[in-house]
Each structure stands twice: as C-alpha cells, then as structure tokens.
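Colleague: Please find the sequence and the predicted model below.
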2 protein chains.
Amino acid sequence: MGTKYVYFFGAGKADGNAKMKELLGGKGANLAEMTSIGLPVPAGFTISTEVCTEYYKNDRNYPSSLAAEVEKNLAQVEALMGKKFGDAKNPLLVSVRSGARASMPGMMDTILNLGLNDTTVQGIIAQSGDERFAYDAYRRFVQMYSDVVMGMPKDEMEHLLEQKKDARGVHLDTDLKASDWKELVGEFKAKVKATLGVEFPEDPKEQLWGAIGAVFGSWMNQRAITYRRLNSIPADWGTAVNVQSMVFGNMGNDCATGVAFTRDPSTGENYFYGEYLVNAQGEDVVAGIRTPQPINRAKYKPGDLPSMEEVLPECYKQLAEIRDILERHYQDMQDIEFTIEKGILYMLQCRSGKRTAKAAIKIAVDMVAEKLIDEKTAVLRVAPNQLDQLLHPSLDPKADKKVIAKGLPASPGAASGEVVFTADEAETLAKLGHKVILVRVETSPEDIHGMHAAQGILTARGGMTSHAAVVARGMGKCCVAGCGDIKVDYNQAQFVAKDGSVIKKGDVITLDGSTGEVMKGAVATVAAGVGGDFGTLMGWVDKFRRMKVRANADTPHDAKTARDFGAEGIGLCRTEHMFFEADRIAAVREMILSADLEGRKKALAKILPMQKGDFKGLFREMKGLPVTIRLLDPPLHEFLPQEEKDIEALSATMGVSVQTLKHKVEFLHEFNPMLGHRGCRLGITFPEIYDMQVQAIMEAACELVKEEGFDIVPEIMIPLVATTKELAVLRANSVGVCEDVIKRYAVKVEYLIGTMIELPRAAITADAIAAEAEFFSFGTNDLTQTTFGLSRDDAGKFLPFYVENGLLEDDPFVTLDQQGVGELVRMGCQKGRQTRPGIKLGICGEHGGDPASVIFCDSVGLDYVSCSPFRVPIARLSAAHATLNAEAKAASAAKGCGCGGKGSDASQQPAATA
Amino acid sequence: MGTKYVYFFGAGKADGNAKMKELLGGKGANLAEMTSIGLPVPAGFTISTEVCTEYYKNDRNYPSSLAAEVEKNLAQVEALMGKKFGDAKNPLLVSVRSGARASMPGMMDTILNLGLNDTTVQGIIAQSGDERFAYDAYRRFVQMYSDVVMGMPKDEMEHLLEQKKDARGVHLDTDLKASDWKELVGEFKAKVKATLGVEFPEDPKEQLWGAIGAVFGSWMNQRAITYRRLNSIPADWGTAVNVQSMVFGNMGNDCATGVAFTRDPSTGENYFYGEYLVNAQGEDVVAGIRTPQPINRAKYKPGDLPSMEEVLPECYKQLAEIRDILERHYQDMQDIEFTIEKGILYMLQCRSGKRTAKAAIKIAVDMVAEKLIDEKTAVLRVAPNQLDQLLHPSLDPKADKKVIAKGLPASPGAASGEVVFTADEAETLAKLGHKVILVRVETSPEDIHGMHAAQGILTARGGMTSHAAVVARGMGKCCVAGCGDIKVDYNQAQFVAKDGSVIKKGDVITLDGSTGEVMKGAVATVAAGVGGDFGTLMGWVDKFRRMKVRANADTPHDAKTARDFGAEGIGLCRTEHMFFEADRIAAVREMILSADLEGRKKALAKILPMQKGDFKGLFREMKGLPVTIRLLDPPLHEFLPQEEKDIEALSATMGVSVQTLKHKVEFLHEFNPMLGHRGCRLGITFPEIYDMQVQAIMEAACELVKEEGFDIVPEIMIPLVATTKELAVLRANSVGVCEDVIKRYAVKVEYLIGTMIELPRAAITADAIAAEAEFFSFGTNDLTQTTFGLSRDDAGKFLPFYVENGLLEDDPFVTLDQQGVGELVRMGCQKGRQTRPGIKLGICGEHGGDPASVIFCDSVGLDYVSCSPFRVPIARLSAAHATLNAEAKAASAAKGCGCGGKGSDASQQPAATA
C-alpha cells in the first residue's frame, strides 16, 4: 500500500482530525474535526498537502495513485448524499477550495457549483424547482471557472453581464430572469472559445481535475507568494484541496449564508458575533459586495437590518449551540462559516479566529476566568507582534476633530496620512517616507502590498469580515470599512463625503479604526493605555519569562516611556544623540575642528557638564535599574555639515574659514563610513573624548549617590571592538578616570565596563575579549551588516528583491538571521562564558524587539534583550513565549513525544505585520 | 636556590651554549658557544633576558639575587684575567653590550672601556705604556657613558672636541695628544655636571650598574620599539646584557679590529669576506667613520688598501682557521667580530650572517654541494620574503645611463626616485606616493623609518658593514654606501657629484646596488632572471611543498609572468578588469544606462566577443593548467564617471543627456559601496550580465577544445556569496548557459562552479554553501574588511596608529589575522569538507603571497594559494617551509622534544621588510 493521499469526511465520521493541519491544511483538518464531533458538515474529502509538495517536486505531476483515491472518495460522497456527480437527474455539485496549514484569507482560489453542465443543470432545475436559481448557479460556475481555472480576463465576463443588464434595461443582477442567465451561460462559453480557442469543459470529471489543478497552481501565484513572504510561510508547506458537496444559501428566502466569530474579534467581548445574508452564496458576505446583517441583537444599533436571530430563529438557536460546543471543544475563539439551505444549517468551516490585540488579550484573560484555559496558555494565545497595535497611539480625546464620515470600526488604532487610491501609489509614496491612507471602494488580494505600505485603510463597501477588515486586523493596521458615507471616484482621484467635503489625492485624513470615524486633516493622538486586561496578562507574562527586558533610550523622556512599558533597565543609551542637540553641536564642532589636543580638551570641557546633566536625568528616571551607556560611536564627519551652503553658514558662526572647514570635511570623508573611523577607534585615537564621557557618567553617578542617596552601578559600554587590545587600552583609560572621579567625590560607586559585540571578529575572539569585559551587548544591527557584508543604507536596491524572491526568508535587519549572525551570537555567548562564567549578556540591536529573534536570544541564554520603548511589552511577551515553549518542548521530549505543547498556536501563528 | 640569572663564559668553559638564545640573547649564546669550542673569547658573563622581563614586570626593579650573582661572576672574570675591577695598578675594563634573541643591528646601546676613572687610568697607562691611548680610551668612555647612560646631548661633547682641535690647530682626532685627551676628560665631566647637575660617576661599580640599567632601558627606547615593530619582534622577549673583558684594537699598529663574514654576504660566494682597521676600536668599523680595508686579497680591486692577510699574516691565518671551524660547527655562514690586541686575536661575536637573497640562495645551494647541509635545510635557509629582492627589476643593461658617481655595492637591486636628505622627508613623500632615494652622509638608527620608506639608500661614508649597508640588505632595499664621490650639503639640500653634477632635493637619480653606480635621472629596468642557483633551490622547494601555488592574473601578459615564476594555474582572474579597457567601457556604460533588459542585452552582446577573446588568450597562456574566473564583482557605479566634466564628456560621446547621466550616477551612489550592490548581488538582479560572462568563458573553452585540441576545465567563480540560495540560483543559471554552449558546439567540456568565501556569513554557513560549490576560494581581502569591520580605503586614519602602538601586531591586510579572520577560514574549510569531502580549497586574497599567511594556509589544509605573479616564488618557498616545519614539528612531537628542527632559522628570522 502506498501513501494515503485523500481523507474522507461525512456523516459523523472522518479520516482526519484537527491535529492534522500539516497534512490536511487548516480547513480540511477542521472539517474532519467538526464532522467527528457531530456537527452538520456537508460530506467531502481532502486531498493532502503532500500531493501539492509531490506535484511541484515532480514537475507538476500528481502521484500515480491519486486518481483512484479521488474516484473512491467521490463515490463515498455520492453514496452519502444520494446524488451522482454528472447525473442528469439528481446531480452532485461540489465546491473545490484550497486549505493551507496557516490561514491565508482570500489568497487562494475557490470554485463553487462544480459539476454543472447543460445536462446536469436540468437535474438542478428539477431538484430545486427553480430554473432561475439553477441558471444563476450555472453562470456563476462558468464565470468563476473560466476566470480561475482557464485564465479568462474577469472584465470580459463582467462586460457581457453589464451588456445583458443594459439590453434588459435593468440595474440589478436580481432583476435578470432565468432565460437571461441561460443566455449568459451560452455567451460566456462562446467568449471562452473565442478568446482562448478551447471549449469550456462539459465533462464534470474534467472540471474537477481542472479545479484541483488550479488550486495547486494558485499556491505559486504571485499573491500567494506575496502573502507567504509577508507572513513568513515556507513555500514547501503546500496547500490541501477540499472537495465538498455544495449546499446553497441562495435557493430562496429560507436560505442564508454567514460568517461568525464565537466572540467579538475586535474587542474580545464574550458574545456571539457575526454577519449573514439571506438568499446569498458565501462569497457574497466575504467579498463585501452586499453589506450583511448582524446574526443577533447583542449589539443592536439603530438602523441595523433584522438579525438572523429574528429572521431564522431555529437555525440561529442551533448555531448558538454549535458556538458553545466549538468553544468548549477548541478552548479558543473560533471563526466559522455556515450556510442554511432551505432551513437546514450546514457548517462549512471553523478555525481559530483572527483577532485584534485587544481582543486576543481580553479573550485570553476571560477564558482563564472561565477556567477554559490556564495562565500559561493565555500567555501563549497572544502573538507578541500583535501588541504593536495596542502600543501605538490612539486619537487624543481632547483633540479637535472634524468627522466627515463614519464606517465600520474594522481594525482599531488611529492613523493620519495622505489619501491615495491605488495600492501601487501607496507603496511608492511610503517608500519615499510619506504616510498614506489607502482609500478603496473595496480591497482585494491584489492590494495587499499597498495595505502593507499604508498607515490605515478606508473602504466604501464591505463588512467587518470583508477582505479589507480581516487583512487589516492581521496586519495591525487601523481600518474603517464599509463606509457608505463616502463616494470614491478613481478617475478624478478623489472621494466625496456625506457632508460634502471633497478629499483629493494627497489631502490628509485621519482614521479611527476603533470608532469607524473618518476625519479631515491630521488629528492629535495619545499613547495607548496599558492597564486592565493588558496589565493582567503582562503580570502573567512577567511571572513566566526568564529573560529581562531593557529598552534602548537616549533621553529621560524615552526612559520614562520605557519604564511605563515595563522596561527593567536601559540596555543602550547612545551618547552621540546628546552631541547632536542644537546647544551642543557648536562645542562638538569646535572639538572636531581643533588642530591639537589642547583645543579638543577645551571644547570637551564645554560638553562635559551637559553630558553629566543628561546622565543624571537618565539615572534619575531609571532609579534602581541598570543603565548601559555606550561611548561615542559615529564617525566625526557626521557632526559636520556636508553641503556648500551649510558649510558657509557654519563658517560664519564659528569664525573658521570656509576653506578650513572644507578641508576638514574632505579629510574626514570616508568611502565606507560603516567600516571607518568610528566606535572605539575614536576612543583609541582621541582618548580625550572617551575620557570626558566616562568622567561625565561617573560624576553624574557620584553626585546622585552622594547627594540623593542613589544606589547605582553605571555600565560603561565600548563600541565596535575588534581586538582585545582595543578594549584593554580603553578599559584601562576608563578605570583611571572612574577611580579618579570616585576619589574626588570620596564615595563608593561600583561600575561595570563592557563592550558591544558587533563585529564578527569580536564574536570569534569573545573568549579573549571577555577577559576585559564585564558584560557583552550584542549589537546585531552592525553585526548583521558585517556578517552579510550588507550596508543597511544601500541594501534597498536589492534586499527587497531578495526577500520577494525567497533568496532570504526574512529581512535580516528585522528578524535575526539565526544561521549566520545567530551563529556568531551563539559563539560569542559560549566563548564569553568560557572565560568569565558570570558575564552579563544582552542584545541591543533592533532584533531585541522582534519576537522570533527574542526567542532565539532566550535559546542562547542571554540575560536580557533591549529594544525600543514601544516594543518593550512585545519583548516581554516574546520572552515568556520563549520560556513556555522551551518548557513544553522539554516536557514533550521527556515524554518522548514530538508534538508541540497545547496552546502554542499564537506564537507560531504567522504575524501578518512581519 | 632561586633562578639563575647570570651565565659565565671564559677560558674554554661556559655556563651557556648556542641553543640558549632565548635566555642569553644571540650574542651571549654565541659567546658561550665560541668559548666552549675553544675559540679565543675574552672572559665575561651574560645577564639573562629573564632579568629584562622581570625588570619591566617589577616596575624597573631587578630581581633581588641579581647583585650577588653579578659580583660572583665579576670575581671569576677578575681571577681569570688576573686584573681587578677598579684596581689602581692593573684594572679590569669591561664592555657592556646588549644582546637580544634576534639580531637587532645598531639598535641597542653599547658602553666600552667601562671601569675607567682618574685612578684606574693610571693603571692602564702603566699596563699599556701609552698615556695617549689610555686617555683616549678614558675620554671615549666618558663620552659614550654620558651620552648613553646619562642622557647628555652628543653634540655638546662633539663640540668640546671640535673646540679642542681648533685650539690645537689640528684637523684630525689622531693629531691630538695625551694631554689634550686628558684635558677633554675633565672638560667632559665638567660639562656633564653643568648640564645635568650631577657628577660623572667615578665608582666603577656604579658605572657598571648604570650601564646595565641603560641597556635594559634601551630595550624600550623609540628606535628599539620601531625596529621591533618593523620586524615583528615581541616586546616581551627582552634583551640580555653581556659584560665582557675589554680588549683593545687601538693600542698601536699591532692592534686591529674587524668584522667579517665567512662567505660574501652580498653574492654568497665562498670566500672569506671582511674588513678591518688597524689601530681602531670596533665601533670605528661599524659606524662607518673610517673606510676600512679588506681582510684579504680575494677580491682585490685597484686602489684597495693593504689587506690584513698582508699586514697581520699570522693573525689572519688564525682567523681563517676559525672561519673554517665556525662554518663546520654552525653549518651556516657566520658574521664575526674580532679584535687584535698587540698581535693576539680575540673573537668578540659570531652570529648567523645576514645576507642578500642572492647570497642566501647561493650559500644554501653551495652548502648542499659541500655536504654541509641537506636539501631540506637549504630550503629552510632562505627566508621567503627575501626573494622579493630577486624578483624585482634590475637595471636594463641596454638602457642609457649617465653615471655620476660610484660607491660600494652594499645591497643589490636597482631603484630610481626623487632625492631627499632626511628620513622624515622620505617618509612624508613616500606616504604621498612618491618614490624617493634617501641620501645621507651616513645613516644611524634614527633613520630607519626613512630607509623603510625609500626605494634606495645612498651614503657618502661607511663600508659594506656600515649601518646603512646592513639595514638595507635586511630590508631588501638597494643601497650604495661609502660613496666618496659625492659631497652632501644638508643646508642647501643638494649633493655635488665628482663629475660636477649638482643634484638638488627632488631631482631624480637611479642607484644600482649591485655595482655601486649612481646615475642621473631614471634608468630603465628589466625583470630579474630566475635561473641558476635560484632554479636549483626552487626545484627542491617544489619537491618538498604540499600546496599548489597559483597566481592572480587578469591578462595573458600577467599570466605569462606568473607561469615564468612557476605558477601552477590562475586562482583569480578579475573579469571587470576587461570591462575597464578603453574600447569596452562604452559598451559597459551603454549596458548600465539601459532602461530595460532588452537594452542591457544589446550592450552585453557587444561585450561578449571581447570577453571571449580575453578568455581564449588566458586559456592559451595557461594551457594545461587550471584557470579560475571570477564573474563581475564591483558595483556598477565604478564604471561611470563621477566628476561633472567627465559626465559632460560622456554625455556628448554617448548621446545621453547630462541630466540622465547624473540621475543614474546619483541613483547608483552608495554610502558603503564595499557593502553594497556588488558581487553576486549584481548577478542576482541582472542575471543577463553573468549569463553573458559564463557564455564567453564556455565559448572560449569550447572553441579551444574543438579547434585546438585543448584539455581545459574552466572554473567559474561567483563572488560575494552570503547565502546558499544566492549560489544555488546563480549556479543553476550558469549550468543552463554552460550546457547550452556545450550543446551548441557539440564538444565535451567539463567545468567547475564554485564561490569566493569572502563574507563571514559564507564561512559560517560553508557546510550549506558547499552543497552548491565545487570549490571555495577564500577572498581574505574582503573577509578581513568584514570580519574587522574595517574599510581598507579608510583605515589609513587609524590603522598605522594601531600597528605602531601595538594594538595590532601586523597590518591585517598584509598578514592574515589568524585569530579572527583565520578562524573563519579554518571554519570554512572544515565545514566545506564536511559536506563535500573533495572540495577544492584555495585562497586568492593578497595574503596568498605573504609567508606567514601561506604557512597558515598550509596548516588549515588549503589545496593552493594564489598571489600576484611576482610573489609566486615567495609563495612556493613559503609553502615548502610550511611542509618542512610541520614535518619537523611532527617529528619532534613524536620524539617528545619541544625544540624546533635544525635549520629552521630562516623562516623564523624576522624579515626586515615586514
């Protein structure tokens, strides 16, 4: 017996189950699971992801045993449904849908009503007693199939439809009659023949294999590739194909179709939330073509259409029971799709529901209270990157705002930006540094790159489960959807709001994704609050994590933000930041322009008290917590103007000739400043600069200890060390200055001297370097640049191409490259500890706030990560995930089982904003 | 019993021997050895290098037991010599000399005649019966001691001497009388008191300890530090101090002093070569103040002064016997110093003699013929870096030359350059890229940096063993010494030659160090011949080495030079070189300026036939040998002009607007081009460029195979690979092109596809990369830049400071940094072989021609090194040293003995040109 490729489900029995997502995809695994637990699922079968992998491995050929397996399963479905595929009297119609391991909303193609031809349509007429329905279903099938499988341009078919409506003098599809649809089927088929030179397939089996091939083929289409790239999904996961008996939500007013979440996916509130449409096919809800009705009255708003609870009370009751079964069964909020055919409810899909950060937190905290899950599971339920949504500003309630329209609060947060009307414009302007709001009638998968580039998304049509809403929530972007208050005119590149405002391309608007309000101009925002459920969850987070989290902060203001977000110290204070401030830059320039040591010392003496003040401010803000201060890092030319006119202005201010200034600028010019005279190389060649900085740090500390009773251990960090000798020399200098200051103040102050590990050589020789360093901080930004030989400033010309084309899985400046850069970090840790077992190890590159990178940092045993203040909660949560996942892994390894721990979904769930 | 610090030698017995160089220094060890084998050595003792190390470790304090040991040994010397230190009647006088492990000519200070004071001088008068001699010796002592030990300015003493001569109306020192010298002693002492405020020490013991302290102190003086830096001698080796009974070569005409080599150090000829002076102290010969006489008539030239063989035949006979004893004993050419006191010969020093490359080779080859040494020893006797001298051009015999003066042929080779008169000028101009000839009356250790910077050295005074001659030979610089034909006038910055030519600072002259000729202007030169003894030696070299040696060559001309020098293939052909040529750059620019693929392909089609022609030329020249061709590496902006006026010129030629050109230049600008869009990143984003190059390579190969019956396996090398996927994609592209060409030509041609390992990430992930690479070539230039985070173009502002101040032992771009970069090379080799055991491994950075780096390459098991054509013989010899040293090490490890193999001196001997 060969490999089993096809998995049946139907009538309470299924070959698969929910744990088989890798093999059956999310949709297939859950269809099997729902069938097994007795929910009403139309029978069908799933062709496994292995077929997809084999298909691409074998030059787009199926495994030889597949055809027979499909036949066998199809026969089972026929038997169970009492219908026959291709039968003239009682034909079986099926849907063919993709289903990958990770949910990829809207990315894959679907064919409905498959099995229809001129013969079987008669059977459907007979069975349904509704010719119009039958021909409508038929033309939908031909339209979809010719587009998705055969590659007909969509517009051509739409054009024929428009022509038909014009000819009949009607405006709505619903005004067309059975005969019109029938004619259209013929016209569609003729168009296919004329355009593509082939007949539309009449044979249902041929249709079926065509559809299966199209699903597998769509795994490699551009939008799927883009989605996978944005979500870090490997191409070799493959997709499964689900073939399922059709049920119809559009056979009359006792039919309906809907999408629901077991809790509110936007707020997390514990009520049954969903939308449905009477007499519609499922695609109508998701595509956002008709604005749907709520399933119940839980959140009734004046003007809401009648709910399903009112219109189809029996079905609603059954659905509400299913909701409870699913939540208890999956112990998580579920996203479900259902269809009601002539009063009978069918479940078409269930999956773990995407949710906003706010909802994720509320659901996790509530479920602990409800004893559905434990605290550890709750922590693992929130994806760290999601928190970003919460940590960004929302509208300042006190700010003036001019609301011009209101839509659905589809994805929370607030954003301002210039209006653009196409995804390409959004991307282009964003690359130039503009903040943009993408405004569309509705969005489609083709718009993903533009949504990614935009600050926020506004659509005129579609509900809370429309493409725009779902994708925006996943990305953590603010989104106002279904905003009927605006009329979008692509041709004139403007929209008109209900109040008459005309907003043109380039005008600034503000969106509030939490209220659905659209405002003219930019409205002030405030930082997010971090209490309530968030606080509860973060309490658990802090209980479970091993690693400390510090922040990169250069000013007391940043330090305060960091501390508010739970930072446990400063991992990186960049002192050059202080050099750039307007009142200091003059002294800094005087220092650089000095011809000799005396001149430099004179200028440095002016900077000393300012730096001391900075450090005192920082120490005060971080009272009781460690602070790591990095000595001057950038090359000196960064402090001088480069442009002719700026040089002239400086010349006038400083009383130095333009000629002298130009000479200095020219002298300091570097071909590769990244690899130039910077970091500790400055400290070696101009020891007086570092001496001044160390003096400022120690005087600040001594004064606070002496005058304000602080307990403080400054951590002095030497950057860009390549050799042990550099560090030894600078350490000796620093110790000299420190001891001198301590003696002068006659206080006892301890201090640590350590280094950045940000060059490959430092990592490789970390054993020797550790002899001179009390701590290491891995500077993974520069370490990535040197390990890859890749300038961050210049990589824009090819790095995006690399990521888009799979030459790199992730941008290595966003997510730490574990194989290369990570190997150096691992080596640095191991060698450092070898020499100095208690050495303090941390990271201060931007990777310190990236969840995957934080988990790596935990695995190599870093003591802390340091990241930007706004990412501190993300790092804390990631660190907890790291600990908990490692625990689960160890536990399952101890049990000898290879499966992951329960509830580890969220951290593995691809973060849409990656 | 504590450590033994003092080692006695005298009367045929010695505590030490020649193998104890680390402890006794070279001089002390050889004095002990000579004593032991029965040669006439004045008794004395050596204070070990451990004392020096202890002295600096303990804040310039001696070990406590030292004083007693010195006393004991001094008493032994007194007993043996029958004299007493400080005695009024028969006083012992001693010399105090430094002696480090490695010979450091002229770098350390020496005190002669120590023990003289107003009392003991009377004893010397009584013993010698020569008051003039005694007071001359006394004033020499006071002069030396006050300078070296007490720090008196030399000039002040010289000035007193000049005054005395003026007062006496005489011109020569020899015209001064005993009473004059006696007066001068008093005047010198008074001057010391007046200048320094302290009395000149009368107590001989105080003098002795002062001198010992001065020797140890001089280990850390600036010129010693500079010499060590230039010669890679670690500071912690320390120096020994030799205290030895004085013998006098200046007590009359039956006295003499001399320096000799057991064979000619310049040519290697097997005759006794040396110089001596009657009635002189040793310093007179070395310092070059008097031009000395030959010791024999072996190379009589008209005008030579009478030789020692004629003047002191008995002594000469004894010396000639000692020469034979020493050569047999040491099995190497020796450099000896001797003194004859009243007809009795004393040996003051012997050491392995410094020699030119030519001499080293001839001596090694001759000694094999004489059965003194075996072939392996002969190979190890020649320091690889020395070969550089031989491989550089000599004067073209057919060139016109205007000889304006003739001096001694002190160090062979030919050089042209601008005349400068100070070492500082030499250094300054050399840094600006000028070629300079340093012209001095005589040189001193203070001039070393200038000699290093100069192309050649010309001195007016001094012999073949003068400071200038010895140092120049060590550095492999051409030198004409003792050129009495010229009158140097420092004040006017010019010299006047015998023929009346006036050569001013900045004028160009040419030196021929092999003939001693000085020529006006620049004279054409020719490449060195590589036959004769050189060929014999290189034959042995090739027999003993394991590693292959290839060359980096971009043109057929380079390839021919490389082959002539014994290259066994091309390890790196840089194809961009071909792009830069005048007739191609237009097509290259057209390609860069093309807006689309079609345009680029059109331009590339023009380049294709030219590249194909280049490759055919290269393949023809290297027939039968492997050729590695690297695909395009530099960023595209390197091919466009950057200056306004060049852009305008290009605009006119190409018919492209200035605006368009500027936009393109601006677009291509990079902040860090080293880390930018170059190497395989070009191949990934513009696959058509690499495709064209691969096509050109394969068409060239196929045509030669088909039409000319070549047997050729082109090696296609992809540069700057960071990830396996890059290589996989480019490999697949290349294979496609190769197979296509092969099919088109219908021939069988094999080819290899491999990569440079020049980024840390490539080395770290070499196991994965090896799956796609049939060979690795370590590009250690770029690997050094990225591993250190150090731009070669920008390092000039701090790297020299680093090397001068010991922050780096060597310039890592010259000698491979084994700890850091080398560790990555080691890792790359190990990981590469792990995946692909037979993978071909080589190096093509400039380190491939650096002896220490070549030895490292052997140790990690590279298959070949590739270097510039002129360094191929150096690499071959280094590779042989590597094999032989490894063999010796393995053998001695097997024997459980830690000492190095016999004859391994040359490769460990510091290369003066480092």
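Modeller: Great, that's in hand.
Colleague: From now on I want contacts and neighbour counts done on CA atoms only, so please keep to that.
Modeller: Will do.
Colleague: which of the residues in stretch A:45-64 are buried?
Modeller: Of all the residues in stretch A:45-64, those buried under the rule 16 or more other C-alpha atoms under 10 Å in any protein chain shown are A:45-56, A:62.
Colleague: Can you give me every residue that contacts the nearest residue to residue A:568 once chain neighbours are set aside?
Modeller: Counting by C-alpha to C-alpha, 6 or more residues apart in numbering or on different chains, residue A:550 is the residue found nearest to residue A:568 once chain neighbours are left out, at 5.0 Å. Residue A:550 makes contacts with A:562, A:567-571, A:864-867, A:872, as judged by C-alpha atoms under 8 Å, 6 or more residues apart in numbering or on different chains.
Colleague: go with 7 Å
Modeller: Residue A:550 makes contact with A:567-571, A:864-867, according to C-alpha atoms under 7 Å, 6 or more residues apart in numbering or on different chains.
Colleague: Equivalent analysis for residue A:617, please.
Modeller: Residues near residue A:617 by C-alpha under 7 Å, 6+ apart: residue A:556.
Colleague: So what's the residue count around the residue of the stretch 251-400 of chain A at minimum distance from chain B?
Modeller: As assessed by C-alpha to the nearest C-alpha, chain B sits closest to residue A:385 within the stretch 251-400 of chain A, at 26.8 Å. As a burial measure, residue A:385 scores 26 neighbours (other C-alpha atoms under 10 Å in any protein chain shown).
Colleague: Does it touch residue A:874 like I think?
Modeller: Yes. Here residue A:385 lies in contact with residue A:874, judged by C-alpha atoms under 7 Å, at a distance of 6.2 Å.
Colleague: Can you pull the residues that touch both of the two?
Modeller: By C-alpha under 7 Å, 6+ apart, no residue touches both residue A:385 and residue A:874.
Colleague: who in chain A is up against chain B?
Modeller: Selection of chain A residues close to chain B by C-alpha under 7 Å from any C-alpha of the partner chain yields A:670-677, A:685, A:722, A:725-726, A:759-761, A:764-765, A:786-791, A:793-795, A:798, A:807, A:819-820.
Colleague: Now restrict those residues to buried residues only.
Modeller: Using 16+ other C-alpha under 10 Å as the burial test, the residues of chain A next to chain B include A:670-677, A:685, A:722, A:725-726, A:759-761, A:764-765, A:786-791, A:794-795, A:798, A:807, A:820 as buried.
Colleague: hmm, back to that, make CSV from the buried residues of stretch A:45-64 and add distance to residue B:360 to it.
Modeller: Formatted as CSV, the buried residues of stretch A:45-64 follow (distance: C-alpha to C-alpha, whole Å):
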residue, distance to residue B:360
A:45, 86
A:46, 82
A:47, 80
A:48, 77
A:49, 73
A:50, 72
A:51, 73
A:52, 72
A:53, 68
A:54, 69
A:55, 70
A:56, 67
A:62, 74
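Colleague: what's the farthest-apart pair in these?
Modeller: The two members of the buried residues of stretch A:45-64 with the most space between them (C-alpha to C-alpha) are A:45 and A:56, at 21.3 Å.
Colleague: so where do the strands sit in the stretch 151-300 of chain A?
Modeller: Along the stretch 151-300 of chain A, counting by DSSP state E, counting those that start in this stretch, strands occupy A:239-245, A:256-261, A:273-278, A:293-294.
Colleague: Which stretch among these is buried most, on average?
Modeller: Comparing the strands of the stretch 151-300 of chain A by mean neighbour count (mean count of other C-alpha atoms under 10 Å in any protein chain shown), strand A:239-245 comes out on top with a mean of 29.
Colleague: what element comes up after the helix or strand where residue A:35 lies heading to the C-terminus?
Modeller: In the assignment (DSSP states H and E), residue A:35 maps to helix A:21-36. Moving toward the C-terminus from helix A:21-36, the next helix or strand (DSSP H and E) is strand A:44-47.
Colleague: Point out the other helices and strands that the helix or strand that that following strand is followed by packs with.
Modeller: Downstream of strand A:44-47, the first helix or strand assigned by DSSP H and E is helix A:49-57. Under the contact definition 3 or more C-alpha pairs under 7 Å, 6 or more residues apart in numbering or on different chains; DSSP states H and E, helix A:49-57 sits against helix A:21-36, strand A:239-245.
Colleague: Listing partners with orientation, what would you give for the shortest one?
Modeller: Taking DSSP bridges as the criterion, strand A:239-245 pairs within the sheet with strand A:44-47 (antiparallel), strand A:94-100 (antiparallel).
Colleague: I'd like to know which of these has the weakest mean confidence.
Modeller: Among these, strand A:94-100 carries the lowest mean pLDDT, a mean of 92.
Colleague: sorry, back to before: I'd like the helices and strands packed on helix A:49-57 written out as JSON lines, with mean pLDDT added.
Modeller: Output for the helices and strands packed on helix A:49-57, formatted as JSON lines (pLDDT from 0 to 100):
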{"stretch": "helix A:21-36", "mean pLDDT": "94"}
{"stretch": "strand A:239-245", "mean pLDDT": "95"}
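Colleague: Adding distance to residue B:700, write these out as CSV.
Modeller: Below are the helices and strands packed on helix A:49-57 laid out as CSV (distance: least, C-alpha to C-alpha, whole Å):
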stretch, distance to residue B:700
helix A:21-36, 50
strand A:239-245, 46
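Colleague: ok, longest helix in chain A?
Modeller: helix A:597-621 (DSSP state H).
Colleague: immediately after that helix, which helix or strand?
Modeller: strand A:627-630.
Colleague: so which of the helices and strands packed on helix A:49-57 gets nearest residue A:624?
Modeller: Nearest to residue A:624, of all those, is helix A:21-36, at 48.2 Å by C-alpha to C-alpha.
Colleague: Output the contacting helices and strands for that closest one.
Modeller: Short answer (3+ C-alpha pairs under 7 Å, 6+ apart): helix A:21-36 packs on strand A:6-10, strand A:13-14, helix A:49-57, strand A:94-100, strand A:239-245, strand A:344-352.
Colleague: still on that earlier bit, just the residues of chain A next to chain B: which are in helices?
Modeller: Short answer: the residues of chain A next to chain B in helices (DSSP H) are A:685, A:725-726, A:760-761, A:764, A:786-788.
Colleague: in what helix or strand does the residue in the stretch 451-600 of chain A that chain B sits nearest to lie?
Modeller: Chain B sits closest to residue A:592 of the stretch 451-600 of chain A, with a gap of 14.5 Å, by C-alpha to the nearest C-alpha. Following DSSP H and E, one finds residue A:592 within helix A:582-593.
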